[in-house]
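Undergrad: When you get a sec, could you give me coordinates for this:
(2 chains)
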Protein chains: 2
Amino acid sequence: MKTLAVFLAVAAIAAAQTDWPTYSGDYSGQRYSTLKQIDRTNVPRLRVKWMYQTNDLDQFEVTPIVSGGVMYISEPPSNAAALDLRTGRPLWMFRRTIPNDVRVCCGQVNRGVALLNDVVYLGTLDAHLIALDAKTGHVLWDTAVADYRAGYSITVAPLALRDRIIIGMSGGEYGVRGFLDAYDPKTGKRLWRFWTVPGPGEPGHETWLGDSWKTGSAATWTTGSYDPNLNLIYWGTGNPGPDYDGDVRKGDDLYSDSLLALDATTGKLKWHFQFTPNDTHDWDSTHTPVQFEAQVGGRARKLVAVANRNGFFYVLDRETGEFVAGKAFGKVEWAKGLDAHGRPIVIPGTEPKPEGVPMYPGVHGATNYMSPSYSRDTSLFYVATREEPTAYYRASVPDYKPGDFFVAGGNRGVPGVEPSGAIKALDPKSGDVRWEFPLHSPPWAGVLSTAGGLLFGGTSEGNVFALDSATGKPLWDFQTGATVTSNPISYEFEGKQYVALAAGRALMVFGLE
Amino acid sequence: MKTLAVFLAVAAIAAAQTDWPTYSGDYSGQRYSTLKQIDRTNVPRLRVKWMYQTNDLDQFEVTPIVSGGVMYISEPPSNAAALDLRTGRPLWMFRRTIPNDVRVCCGQVNRGVALLNDVVYLGTLDAHLIALDAKTGHVLWDTAVADYRAGYSITVAPLALRDRIIIGMSGGEYGVRGFLDAYDPKTGKRLWRFWTVPGPGEPGHETWLGDSWKTGSAATWTTGSYDPNLNLIYWGTGNPGPDYDGDVRKGDDLYSDSLLALDATTGKLKWHFQFTPNDTHDWDSTHTPVQFEAQVGGRARKLVAVANRNGFFYVLDRETGEFVAGKAFGKVEWAKGLDAHGRPIVIPGTEPKPEGVPMYPGVHGATNYMSPSYSRDTSLFYVATREEPTAYYRASVPDYKPGDFFVAGGNRGVPGVEPSGAIKALDPKSGDVRWEFPLHSPPWAGVLSTAGGLLFGGTSEGNVFALDSATGKPLWDFQTGATVTSNPISYEFEGKQYVALAAGRALMVFGLE
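TA: Numbering: from 1, shown residues only, chains lettered A, B, ... in the order given. Reported below is the predicted structural model:
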């Protein structure tokens, strides 16, 4: 029965491909639209159709959800709104009063809502998960996921499965213990919790020194993907705490900086893959994992790809977690490469020092939370990359106090280096770069590929652009007037295809003339 | 010599009609563009070409200046920027640190800059006038116009004449004494000051009770117009202080709520016309006066028109100040009409009372600071009107303390009344309404007429629209996602006509496909 139900849920999402029902468009994490009305030929005629402006100066990082003629968005700090697709005007607005002592290292942001059966799910900076009536915005239930006073917050878009809402947390700079949770969509009751830092007696606990696991972080602040056939959730984890000092937590610090494969029903760990053992550079591995299928070694395999903040691109077998291939996709100065198991061959002396160690990738990584994309047409993997070194400093470890900033160092830019960026198209089987579109400065915007042969993205200078997804050739762009820090989506409404994206304080919907 | 120089300056502005060199487009206050590439036929093809987003949540009320391929804007609170017309990207940004104890009744806003000979002029909330190098944004001089601690601020766009910069002030709710100033464009030295509240021994002083003139307000917070042939500046003045209580300042309270005609060279008063004597309803007469010529009584006359916050439309002879015609252009419940001299025939009992007196127009007026427009094609006067009553309350007069709020009452909305608005086209000779375009709620956006037969405006729901200026028929609109609180402009660049306007946090430039 369970398998049939899962199959039906997936079929529903596949059929509803004119909508954008979940963070990455569907469960695969591909951020790929099957729509092709907007194509290489007509994309120069793409124009702003309407805008919606938010009333907050924090970064607008939302990926909108589109379903049934309505767009559901979150807004900073922890608000939500439903917008009429015809006019762009709000049908309702939900405003959450946030305590003034929430702990947020990196801006009062939110990356989106989830939608399931006429209910909108929103995580908040005070670490609650809230269910809102999709028709009215009224609160149906409000569950405290964790204690925000201990440093927990929620910025991630929840992932709605057929019968559970998956939600991660933020707080890696506050010495929290990370987890991933599943909640009953109807009641808000917690169904399971997976601790991303194993406790005493659990496998992996031995990778932490003494009590360091208690403040081990490994947050889960970017939406993962889901394979309904394997019933596995794929979700990335963040840096181990405290940042910058690996000695106080000597060992690999599992499951920090890892990709987790969890049974969706039970929350049990099926497999894990760690990208950066004993990380001292703040290289959260919180990227949306991208599922794809390919022939590798003469047989069809179910794979998952990650372009990592640490500078390496990885392909794993998504049934087993086995390392299939890996390769640097940008400048990497901390490791010579990956060994046969995908473990980095670390160059000695690259850890932070009191006097500072300048290095690529910088602290914001070779990429970051912005979503990658995989095109089912070109079979290429697209990622917005950052070429920006930083100097890493090590300082003393502060005494841990719940809710206080818990970081043992810092970072600075490297003088004389002009940071830049690129959109790179990788062969997902090998990591080879097929084409590259240079960007003036490091981007914070994700990418979207479409069946129209297009790749959409945004720049820190405020441009939204479309490239030919086969060649990287620029075909269209628009100046939004503010840094793009969100992910594009595409949907069809009343027979027409649209592309939507937030930039600065404005969410814009683009359509053809 | 002076006449020739003035003539040349005017000729320069007339020739540069492809630009938008001053607040109202030219000195006439008509906010009319001679450009006609965008017309009734093709305006449905108007699209956003680029956007610029400001990084402040206060209202974005700017009228941009366009000259030499560059757009010069102010941004809230007291900032400025120069934008490249090709890309919309800033060439420079000027950021003013505002003391945290500035006095602003109604938002930290600014309505625009002035430009003269490669120098940009900006007023600030701390009551300074600043000259910036138009190429770099560097400060050339910085003059304290008044002491902000006494309640003065500047939100108005300066008016640049050939050899002087005219600047008004805000602060009518703080018991200041109003004035209008002229400054040397090169040095920042003050050339003259006209006190809008006459001191002892000056004509009009007798219209104030006792010492009430010292706190008489009559601020000058909206940009006026200028007739270079008559060498007269036309500038409106605000409410008398304290608001809501006329007894403590018994008399007409000159020159509050008036239109002033000042000699531009000397700052001497040529004539004045008071719209609302002894005002108790906060009906600032700070509207841009609109000059036009027409046959009245069988002879060609130089006229000036004002649609007033008090609900009446006025036509005056702009050489003499003589009242030519007047008529209510919206609901007026405080006066039966105007007498032969244009003085209101006040209905007894309409002044504020402790228990509240509900009435049209409301405290925000039948219109407000948003600019009207006059079309040289249709010879119609266009105004964005507000249909919104408020109840006016009278309270005790506070002791005056410099810099403190100095208001003797308040106002509230009237329950059960749904406020609305309209764009109205008036025959400027009579005030007769020729057509009316209804708006869902009271607007805060000005209007622009063009030689293409169009009238542009904006709504509080976020729509920007174009109407047929002859008939009021809607031809185009765009949803900007936020209330429009600015004035549209039009300019030509590289052979193409554009329309620009700010809404919410975004300044948008529209052009034809």
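Undergrad: what sits against the spatially most central residue of chain A?
TA: With distances taken as C-alpha atoms, centre = their mean, residue A:222 lies nearest the centre of chain A, 3.6 Å away. The neighbourhood of residue A:222, defined by C-beta atoms under 8 Å, 6 or more residues apart in numbering or on different chains, consists of A:111, A:156, A:168, A:236, A:286, A:287, A:288, A:369. Every residue, glycine included, has its C-beta placed from N, CA and C.
Undergrad: By neighbours, which of these wins?
TA: residue A:236 (30 neighbours; other C-beta atoms under 10 Å in any protein chain shown).
Undergrad: quick one: pLDDT of that one?
TA: Listed pLDDT for residue A:236 reads 98.
Undergrad: what bridges to it?
TA: residue A:259 (DSSP bridges).
Undergrad: Distance check, it against residue B:111.
TA: 49 Å (C-beta to C-beta, to the nearest Å).
Undergrad: And for residue A:484?
TA: 29 Å.
Undergrad: Kindly report the same for residue A:111.
TA: 36 Å.
Undergrad: now swap in residue A:209 and tell me
TA: 62 Å.
Undergrad: Residue A:252 now?
TA: Relative to residue B:111, residue A:252 is positioned 61 Å away (criterion: C-beta to C-beta).
Undergrad: What of residue A:110?
TA: 34 Å.
Undergrad: for chain B, what are the nearby residues on the stretch 1-150 of chain A?
TA: Proximity of the stretch 1-150 of chain A to chain B, by C-beta under 8 Å from any C-beta of the partner chain, involves residues A:45, A:47-48, A:50-53, A:55-57, A:87-89.
Undergrad: can we see that at 7 Å?
TA: By C-beta under 7 Å from any C-beta of the partner chain, the residues of the stretch 1-150 of chain A that approach chain B are A:47, A:48, A:50, A:51, A:52, A:53, A:55, A:57, A:87, A:88, A:89.
Undergrad: Would you mind checking those for buried ones?
TA: A:47, A:48, A:50, A:51, A:52, A:53, A:57, A:88 (16 or more other C-beta atoms under 10 Å in any protein chain shown).
Undergrad: about what we covered before: which among the contacts of residue A:222 gets closest to chain B?
TA: residue A:111 (19.7 Å; C-beta to the nearest C-beta).
Undergrad: Run through the helices of chain A in chain order.
TA: Under the criterion DSSP state H, chain A contains helices at A:2-15.
Undergrad: Low-confidence regions, it specifically.
TA: A:1-16 (pLDDT under 70).
Undergrad: Tell me the residues on it that lie near chain B, please.
TA: Checking chain A against chain B by C-beta under 7 Å from any C-beta, the hits are A:47-48, A:50-53, A:55, A:57, A:87-89, A:461, A:479-482, A:504-506, A:513.
Undergrad: Buried residues of stretch A:138-157, list them for me.
TA: A:140-141, A:143, A:145-146, A:148, A:150-157.
Undergrad: Taking those together, which two end up most distant?
TA: The distance between the two most remote of the buried residues of stretch A:138-157 (C-beta to C-beta) is 27.6 Å, for A:140 and A:151.
Undergrad: what's residue A:351 in contact with, if anything?
TA: Residue A:351 makes contacts with A:246, A:280, as judged by C-beta atoms under 7 Å, 6 or more residues apart in numbering or on different chains.
Undergrad: what do you get for residue A:75?
TA: A:54, A:56, A:60, A:62, A:81.
Undergrad: correct me, but the second one touches residue A:78?
TA: No - Residue A:56 lies out of contact with residue A:78 (C-beta atoms under 7 Å); the separation is 10.1 Å.
Undergrad: With neighbour numbers in mind, choose between those two.
TA: residue A:78 (25 against 15).
Undergrad: right, and the more buried one touches residue A:124 too?
TA: Yes - between residue A:78 and residue A:124 there is a contact under C-beta under 7 Å: 3.9 Å.
Undergrad: For the closest residue to residue A:344 other than its chain neighbours, list each beta-bridge partner.
TA: Distances taken as C-beta to C-beta, 6 or more residues apart in numbering or on different chains put residue A:335 closest to residue A:344, at 3.9 Å, once the chain neighbours are dropped. As for beta bridges, residue A:335 partners with residue A:346 under DSSP bridges.
Undergrad: how many neighbours does residue A:335 have?
TA: 18.
Undergrad: and it, how far is that from chain B?
TA: Using C-beta to the nearest C-beta, to the nearest Å, we find residue A:335 at a distance of 38 Å from chain B.
Undergrad: hmm, back to that, quick check: the gap between the residue nearest to the centre of chain A and residue A:180.
TA: Residue A:222 is 11 Å from residue A:180, by C-beta to C-beta.
Undergrad: Can you tell me which of the buried residues of stretch A:138-157 is closest to residue A:94?
TA: The nearest one, if we look at the buried residues of stretch A:138-157 relative to residue A:94 and count by C-beta to C-beta, is residue A:140, at 11.5 Å.
Undergrad: Would you mind measuring from the closest one to residue A:117?
TA: For residue A:140 relative to residue A:117 (C-beta to C-beta), the value is 11 Å.
Undergrad: What residue in the stretch 251-400 of chain A comes nearest to chain B?
TA: Closest point on the stretch 251-400 of chain A to chain B, by C-beta to the nearest C-beta, is residue A:370, at 19.2 Å.
Undergrad: Quick one: residues contacting that residue.
TA: So residue A:370 contacts A:384, A:443, A:444, A:445, A:446, A:487 (C-beta under 7 Å, 6+ apart).
Undergrad: Would you confirm that residue A:334 contacts residue A:345?
TA: No - with contact defined as C-beta under 7 Å, residue A:334 does not reach residue A:345; the gap is 10.0 Å.
Undergrad: Those two: which is more packed in?
TA: Neighbours per residue, other C-beta under 10 Å: of residue A:334 and residue A:345, the larger number sits with residue A:334, 22 against 10.
Undergrad: what residues are up against residue A:296?
TA: A:324, A:429.
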